[in-house]
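*Asks:* structure for the following, please:
(2 chains, ligands or ions: 1)
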Amino acid sequence: MGGGRLSRWPVIRQLKGEDGRGQAARSARTDALRPRVEGAETVARSVCPYCAVGCGQLVYVKDGKVTQIEGDPDSPISRGRLCPKGSASKQLVTHPGRQTKVLYRRPYGTEWEPLDLETAMDMIADRVVRTRRETWQQTHEGQEVRRTLGIASLGGATLDNEENYLMKKLYTALGAIQVENQARI
Amino acid sequence: MAECHPVGYQWVMEARARGAKVFHIDPRFSRTSATVDRYLAIRAGTDIVLLGALINYVLSNGLDFREYVLAYTNAATLVNKDFRDTEDLDGLFSGYDEETGRYDPSSWAYEGDVPEEEEPVEGGGHHAEAAGSDSYGARGAGASATPPADPTLTNPRCVYRILKRHYSRYTPEMVEELCGIPPERFHELAEAITANSGRERTTAWVYSVGWTQHSVGVQYIRAASILQLLLGNMGRPGGGIMALRGHASIQGSTDIPTLFNLLPGYIAMPHAHRHDGLDHYLEREGADTGWWGNRRAYVVSLLKAWWGDAATEDNDYRFDYLPRLTGDHGHYATVMGQIDGTVKGYFVVGENPAVGSANGKAQRLGLANLDWLVVRDLMLVETATFWKDAPEIETGELRTEDIGTEVFFMPAASHVEKEGTFTNTQRLLQWRERALDPPHDCRSDLWFFYHLGKRIRRRLGDDEIDRPVKELTWDYPEIGEQRDPDAEAVLREINGTGPGGRLLASLRELKPDGSTSCGCWIYCGVYADGVNMAARRTPHTEQGPVALEWGWAWPANRRILYNRASADPQGRPWSERKKYVYWDAGKGRWVGPDVPDFEEDKAPDYVPPEGAKAQDALAGTDPFIMQSDGRGWLYVPSGLSDGPLPAHYEPHESPVRNALYGRQANPARRTIDRPENPYNPALSPRFPYVYTTSRLTEHHTTGAMSRPLPYLAELQPEAFCEVSPRMAEELGLENGGWATIVTARTAIELRVLVTGRVRPLRLNGRTVHQVIMPYHWGYSSGGVITGDVVNDLPSIVLDPNVYIQESKAGTCDVLPGRRPRGTALLDLIERYRHG
Ligand code: SF4
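*Replies:* A predicted model of the protein is given here:
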């Protein structure tokens, strides 16, 4: 296409009747744009974490950061598509409001306090062992029950199967029976 | 579906483009309603009236698929002579005890099947109290494999006749009076589904929590099952009933449950009063015929997976290490235990009960009375921050300085920072690869529970009570700097191994003698021959439409359950058009594009020998292989706690009288009568409006994964209620203004959206208004948007089979303007409670 700068302006080209989607929509700036996925170092095959349709996702990573999450065109479920939530899931992973540090609120406290991850793990383990012992029921109404009603759990339904498995296994061995999930709700 | 499962909905649109007729039945007009052939507005809580009327339409016009019904369902089976229907007892079935509000289900049994013991093996008080029917996620209750039957369907005690009589009062007029659907619309629907069922065609039903969150939720699904069985739509392509589940792995969370009454694979937790040791337990958990007859192999293999070498034949494979239930230990019972102070410590893992569970105030009062609370999430959800910003702080009911709960917030890894499987709504397991390490203190729940378990084990002594933990198999390879347990090793344990650690290929290899171990029998085969089948990713362009090489579906990678029913009793396709799995006599096996949900080489003419057990007891014509009689159950002779047939009862809170029976609400529903959980009286003029709660495309449940995201927050920024122009006019509500919604629990304020999408319903000459409220907002969003908690409105009243709360249909009042603040809010509620 010849002509001056003005005639190369996409608006003019589209007004002149060129198809507004292809060449006519291009400018020098858009020609210089590169897709975010192009420079990715790795691509992981994943699954959308929101609803249970289970759309396939491709997770693009560069310099230790997620640069883009897109629909997986190979998936027979989603054929590359994602809904607004699935499309926004890069923000789910990278948004600044995400909490990445352990926080601790002491009894009757009015503010959060920082706490080291390992210390927190030890403190939680101490509490489980203590509460279990203090609330242990060997029998109930004359029957052997071997349990504690002092410790309970509620899990969300975006837990992996492997995670649910370890949770149920550990809780059951501990004798904690009030183990529940969003699936009840 | 377009609203909440948008990408799945592309297939409905594709079917419609190819000529399928699509109906949408919902109190709320959504993006789905806008794209279907016909939208039917229905009053929330009345679906059994509609489904019952469709059943009646099929039966009274002789439109059932008779050959299918006779061969594959229990239509001909005779029920024992003591059974009394709701027709005889004005809305009750036989066996009801007014005092306890429970049924003794003995009289519902098949003829000759009446239990000799005091309490039936399944069903009955203890079974019901522990939500025993939850264990039917992969099998049916036990009943005789060969009960007496009348194939002429003329005996008044055969299931077919009982059904016909039971549903005769479910007429189009009742549908109009109770649901608000005019007769011509009902007939259009009834004609469409019957014309579209039979040899040549199939009809599918799709539902979501709009059917489960009711005090008769289980019976909603049962009603759809009856209809689909009568029309011959089960086990066939394009048929079935599809449960659309709202969370990435909510199916997985029941398969491998973190649920109080289940062990992996829908194996019931043992009950102190029902079970005595392994043998007795196995005797009382189902029948010996059908595939469930192999349950000893499944249970023993699970115990071997958990206690390894410590589990031996001599010690019953450590069956005694399993803690015992004595009743309801479900979520809402737990919350009451927190308020009463029996529950001291609480783990909340990727969940947000302060906003997501019914009666939010009760949830938060429970949290405020704990010794310690661990919250694991991506952001500071309301459950973690309740002690500083719960609504009860504003009203003065709680004071931060008085709350003794010690709170640990443990940041979680996101879905791309860990590997593992989700099970989607089609029972399909898909493996996710790990894209990168989680930042800072963020860790997966796998990491958390594995390392917590290690720490606990180090702290325990040699006491008798500590042995189940000390002897637990808890040794997984640790990977990388963060020492993440290897998720594939966990999946291999779930899959199961045989002698020498060989990975099992199929659940048929599971043994009752302790020689195999398997963490979840229905998932056996997901790691067949050492291959992670859930990670398979053959593109859809390179395989057929059933896509057997994408992920792995339980059981045994079968994509349509009970697909033996896609062929006629002789094993021939019902029609060329609906050909799927069929018998190839030349090869001596079942063939087709799917894995047969049947023994591959069991011929259609196989007749079980006398006294046969497990699958050998099922004939070559019995497609429902997890049932003790191989049949689809139109009538449920045991296992349910509120009746063998679905009957319509009004929601616990309803402004409408039950026109079908003298019984207003489900007689077996579970209520929690405590000051924290006051109810709106039924038919109360103080609470004249029906409300239902809903979701939006742009948000996810309580918003923890959507409200902090600027993209999504901007698309749907504010909590709102949707009302009709007429209701807005009557009450003086302004579009874009505020409304206060009141129940006996509390009042909340929402923006008002006035649209013609909500239609006032005409019921028997009277107008009933409905209010529609998405429930995605809360008081602390990790930053971006906040709003009042819609789940503070519903009461806790539960389905008696599975203890799901009735949050999809309740009553309320609506006032124009914002709600009062502080103690003035409490005064308002007091006036409503006693006014
Ligand atoms: S992209 Fe949308 S439809 Fe697909 S799984 Fe995610 S939330 Fe569901």
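
*Asks:* tell me which helix or strand residue 21 sits in.
*Replies:* This is for chain A. For residue A:21, there is no enclosing helix or strand under DSSP states H and E.

*Asks:* now swap in residue A:178 and tell me
*Replies:* strand A:176-181.

*Asks:* who does that strand touch, helix- and strand-wise?
*Replies:* strand A:143-155, helix A:161-174, helix B:331-340 (3 or more Cβ pairs under 8 Å, 6 or more residues apart in numbering or on different chains; DSSP states H and E). For glycine as for every other residue, the C-beta is placed from the backbone atoms N, C-alpha and C.

*Asks:* flag the shaky bits of the stretch 451-600 of chain B, pLDDT-wise.
*Replies:* Residues of the stretch 451-600 of chain B meeting the criterion pLDDT under 70: none.

*Asks:* what ranges do the strands span in it?
*Replies:* B:478-479, B:484-485, B:552-553, B:582-584, B:589-591 (DSSP state E, counting those that start in this stretch).

*Asks:* show residues contacting the fourth one.
*Replies:* Contacts with strand B:582-584, where a contact means Cβ atoms under 8 Å, 6 or more residues apart in numbering or on different chains, come from B:566, B:567, B:570, B:571, B:572, B:573, B:589, B:590, B:591, B:592, B:603, B:604.

*Asks:* the first one now?
*Replies:* Counting contacts by Cβ under 8 Å, 6+ apart, the residues outside strand B:478-479 that touch it are B:484, B:485, B:486.

*Asks:* go again using 10 Å as the cut-off
*Replies:* B:419, B:434, B:447, B:450, B:451, B:454, B:484, B:485, B:486, B:487, B:488, B:489 (Cβ atoms under 10 Å, 6 or more residues apart in numbering or on different chains).

*Asks:* need the max-distance pair from those.
*Replies:* B:434 and B:454 (21.2 Å; Cβ to Cβ).

*Asks:* more crowded one of these two?
*Replies:* Per other Cβ atoms under 10 Å in any protein chain shown, whichever of residue B:434 and residue B:454 has more neighbours is residue B:434, with 21 against 18.

*Asks:* that one reaches residue B:447, doesn't it?
*Replies:* No. Look at residue B:434 against residue B:447 with Cβ atoms under 10 Å: they stay out of range, at 11.8 Å.

*Asks:* anything in contact with each of those two?
*Replies:* B:413, B:418, B:484, B:487.

*Asks:* now the buried members of those residues.
*Replies:* Buried members of these, counted by 16 or more other Cβ atoms under 10 Å in any protein chain shown: B:413, B:418, B:484, B:487.

*Asks:* which single one of the residues you listed is nearest to residue B:139?
*Replies:* For these, the nearest to residue B:139 is residue B:487 (28.2 Å; Cβ to Cβ).

*Asks:* buried ones in stretch B:607-622, by neighbour count?
*Replies:* B:608, B:612, B:614, B:615, B:617, B:618, B:619, B:620, B:621, B:622.

*Asks:* what's near enough to touch the fifth one?
*Replies:* Meaning residue B:617. Contacts of residue B:617 by Cβ under 10 Å, 6+ apart are B:145-146, B:287-291, B:293, B:608-611, B:628-630.

*Asks:* buried subset of these?
*Replies:* B:145, B:146, B:287, B:288, B:289, B:290, B:291, B:293, B:608, B:628, B:629, B:630.

*Asks:* which pair of the residues you listed spans the longest distance?
*Replies:* Counting by Cβ to Cβ, the most remote pair of those is B:146 and B:291, 16.8 Å apart.

*Asks:* state the pLDDT value of residue B:781.
*Replies:* Looking at residue B:781, its pLDDT is 60.

*Asks:* repeat that for residue A:29.
*Replies:* 85.

*Asks:* quick check: it vs the ligand, distance?
*Replies:* Relative to the ligand, residue A:29 is positioned 31 Å away (Cβ to the nearest ligand atom, to the nearest Å).

*Asks:* now swap in residue A:114 and tell me
*Replies:* Distance from residue A:114 to the ligand, by Cβ to the nearest ligand atom: 34 Å.

*Asks:* OK, contacts around residue B:161?
*Replies:* Residue B:161 touches B:59, B:75, B:76, B:78, B:79, B:150, B:153, B:154, B:155, counting by Cβ under 10 Å, 6+ apart.

*Asks:* make that residue A:30, sorry
*Replies:* Contacts of residue A:30 by Cβ under 10 Å, 6+ apart are residue A:10.

*Asks:* what packs against the top helix by length along chain A?
*Replies:* Among the segments of chain A that qualify as a helix by DSSP state H, the longest is helix A:117-134. Packing partners of helix A:117-134 (3 or more Cβ pairs under 10 Å, 6 or more residues apart in numbering or on different chains; DSSP states H and E): strand A:103-105, strand A:143-155, helix A:161-174, strand A:176-181, strand B:345-349, strand B:372-377, strand B:406-411, helix B:445-459.
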